[in-house]
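K.L.:
Sequence and predicted structure are below.
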Number of protein chains: 2
Amino acid sequence: MPRTSLRARKHPRQARSRETVEALLEAAAQVFERHGYAAGTTNRIAERAGVSIGSLYQYFPNKDALLLAIVERHVAEGAERLGPLLAALRDERPPLRAGLERIVAAMVALHAERPALHRVLFEEAPRPPALRRRLDALATAATAAVADWLRAVPEVRVADPKLAARLVVQVTESVTHNLVIHADPDRSPDRWAAETVALLEAYLGSAASSG
Amino acid sequence: MPRTSLRARKHPRQARSRETVEALLEAAAQVFERHGYAAGTTNRIAERAGVSIGSLYQYFPNKDALLLAIVERHVAEGAERLGPLLAALRDERPPLRAGLERIVAAMVALHAERPALHRVLFEEAPRPPALRRRLDALATAATAAVADWLRAVPEVRVADPKLAARLVVQVTESVTHNLVIHADPDRSPDRWAAETVALLEAYLGSAASSG
DNA sequence: GCAGAACGCGAGTGATTGCTCACAATACTC
DNA sequence: GAGTATTGTGAGCAATCACTCGCGTTCTGC
């Protein structure tokens, strides 16, 4: 651990350096994707970006900063993708099955983007507290939106919408996560998605929830 | 990556060396638990075990072998714990809710054992192919047992018991995993377990499964 | 066209890591 | 208690990694 903290080092002003930073971010994503976090060395990243190692350290104070930048971008993209869905749940109040289908589809799309990178980012790499807060906020927002929607849909009969919403988010997240990362050779992703919708629909439509 | 492969180096014959190996395994578990895989250095492990670094390398050819030994032991313990459950499902054919409660309880117990170690082993550390096969075999056995049970329980009305079994295993696994590792401050583990049972019960008891 | 800022370079540094090896201590065999 | 196999030791090696620094190149404003 040669360095303790710090966020950004130098701000790219010219177009040239903005391209360098861009190349570094993409290279870092690719290298982490291919080699994992620990084996994704800064020298390798610089090399892959076609940039000197010195230039890397002009814009990122250390390896973790590079990781953080990638995750932040990844999460921002996720939030951007999820935004319309959450808005639709709030404004359109779609019926149960239709809403679930959209949630699951959005989650699958989210995970299918760059599965290997996603795995490294969310399973293997260290997560600084700042990042943790960022992710928690996103998850909380999603859960709240789903809970509101559940409360407004008449078919839903669970006793505790907030808990149910957490379960919905959690289950879709982990099922699609595993679906994408350890693909099932026997059954198509669509089949899995459909069954997940069926599972959630059965649960939410039942009154079995222990109060 | 200073070494390529190899499994075991020397077999402990005297009681003395068996104790050394034991100490090394426990020390490795503790160190990986506390520092993660990458920062869990072999020197630190040897030190914690109260053993020279040379002795470590007499019984384990490299760092990964040490990891593998730990995981294998962890998985074996898991299989041992899961065995009675699977046998009970096969022989007693408990009714839906009772069976689900036992499955979820077993899974929670399995994860609660050493959560930090579990996380490092299953999320962070590299997984050699041999290990992957071992885990797949365990999951397959569990899924098959659950599927057989589902077929025999009259309340279950899903169209595809094997797919349903996979979902059951998958959902209980991931929910309990997250439950133990990222604990929910608002709700008790029991509450989560109960709700998971409710979710699975609603799903399995419904005919909503898309054929 | 020039001064200064921004940018880019990459050999090199210090620290750390996985791991070896020459040797010493202990346990069994007779 | 001699002889041998087993076990234990730890200084140190070779490799690697994150990161620095001195210097050359390109851009911008005037």
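P.N.:
Right, received. Where do you want to start? Numbers count the residues shown, from 1 in each chain, chains lettered A, B, ... in the order given.

K.L.:
From now on I want contacts and neighbour counts done on CA atoms only, so please keep to that.
P.N.:
Fine.

K.L.:
Can you pull the residues of chain A lying near DNA strand D?
P.N.:
Taking C-alpha under 7 Å from any atom of the strand as the contact definition, chain A meets DNA strand D at A:1-3, A:14-16, A:38-43, A:53-55, A:57, A:61-64.

K.L.:
Around DNA strand C, pick out the residues from chain A.
P.N.:
So far as C-alpha under 7 Å from any atom of the strand goes, chain A lies against DNA strand C at A:10-20, A:50-55.

K.L.:
Got a ChimeraX select line for the buried ones in these?
P.N.:
Listed next is the ChimeraX selection for buried residues among these, using 16 or more other C-alpha atoms under 10 Å in any protein chain shown:
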select /A:20,51
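
K.L.:
Would you map the strands across chain A?
P.N.:
Counting by DSSP state E, one finds no strands in chain A.

K.L.:
give the contact list for the closest residue to chain B within it.
P.N.:
At 4.2 Å from chain B, A:Glu124 is the closest residue in chain A, using C-alpha to the nearest C-alpha. A:Glu124 is in contact with A:Gly36, A:Tyr37, B:Glu123, B:Glu124, B:Ala125, counting by C-alpha atoms under 8 Å, 6 or more residues apart in numbering or on different chains.

K.L.:
Give me the number of neighbouring residues for the nearest residue to the last one once chain neighbours are set aside.
P.N.:
When you say that, I think you mean B:Ala125. Of all residues not flanking B:Ala125 in the chain, B:Tyr37 sits nearest, at 5.7 Å (C-alpha to C-alpha, 6 or more residues apart in numbering or on different chains). B:Tyr37: 23 surrounding residues under other C-alpha atoms under 10 Å in any protein chain shown.

K.L.:
swap in A:Phe60?
P.N.:
Per other C-alpha under 10 Å, the neighbour tally for A:Phe60 reads 21.

K.L.:
Go ahead and confirm it touches A:His11.
P.N.:
No. Between A:Phe60 and A:His11 no contact is recorded; they are 9.8 Å apart, counting by C-alpha atoms under 8 Å.

K.L.:
tell me, which helix in chain A spans the most residues?
P.N.:
Longest helix in chain A by number of residues (criterion: DSSP state H): helix A:63-92.

K.L.:
Enumerate the positions of that one that are buried.
P.N.:
A:63-71, A:74-75, A:78-79, A:82, A:85-86, A:88-90.

K.L.:
Could you check the pLDDT of A:Ala142?
P.N.:
On pLDDT, A:Ala142 comes in at 93.

K.L.:
show me the residues around it that make contact.
P.N.:
A:Leu86, A:Val169.

K.L.:
Kindly provide the distance from it to B:Ser17.
P.N.:
A:Ala142 is 54 Å from B:Ser17, where distance means C-alpha to C-alpha, to the nearest Å.

K.L.:
same deal with A:Asp136?
P.N.:
The gap separating A:Asp136 from B:Ser17 is 47 Å, by C-alpha to C-alpha.

K.L.:
returning to that earlier point: among the residues of chain A next to DNA strand D, name the ones in helices.
P.N.:
Per DSSP H, the residues of chain A next to DNA strand D map to helices at A:Ala15, A:Arg16, A:Thr42, A:Asn43, A:Ile53, A:Gly54, A:Ser55, A:Tyr57, A:Lys63, A:Asp64.

K.L.:
which residues touch A:Ala23?
P.N.:
Neighbours of A:Ala23 in contact, by C-alpha under 8 Å, 6+ apart: A:Ala49, A:Gly50.

K.L.:
Do a quick rundown of the helices in chain A.
P.N.:
A:15-35, A:42-49, A:53-59, A:63-92, A:96-112, A:115-119, A:129-152, A:161-181, A:189-205.

K.L.:
quick one, which of the ones you listed is nearest to B:Val104?
P.N.:
helix A:161-181 (14.6 Å; C-alpha to C-alpha).

K.L.:
Mind listing residues that contact that closest one?
P.N.:
By C-alpha under 8 Å, 6+ apart, helix A:161-181 touches A:104, A:107-108, A:111-112, A:115-116, A:119, A:142-144, A:146-148, A:150-151, A:158, A:189, A:192-193, A:196, A:200, A:204, B:170-171, B:174-175.

K.L.:
go with 7 Å
P.N.:
A:104, A:107-108, A:111-112, A:115, A:143, A:146-147, A:150-151, A:200, B:171, B:174 (C-alpha atoms under 7 Å, 6 or more residues apart in numbering or on different chains).

K.L.:
One more: stretch A:90-102?
P.N.:
Contact with stretch A:90-102 is made by A:Ala145, A:Trp149, A:Val153, A:Glu155, A:Val197, A:Glu201, as judged by C-alpha under 7 Å, 6+ apart.

K.L.:
Do you know the pLDDT at the closest residue to the last one other than its chain neighbours?
P.N.:
Ranked by C-alpha to C-alpha, 6+ apart and with sequence neighbours excluded, the top spatial neighbour of A:Glu201 is A:Arg97, at 6.4 Å. At A:Arg97 the predicted local distance difference test score is 97.

K.L.:
cool, and A:Ser210?
P.N.:
A:Ser210 is assigned 52 on the pLDDT scale.

K.L.:
residue in chain A nearest to DNA strand C?
P.N.:
Using C-alpha to the nearest atom of the strand, the closest approach of chain A to DNA strand C is made by A:Gly54 at 2.8 Å.
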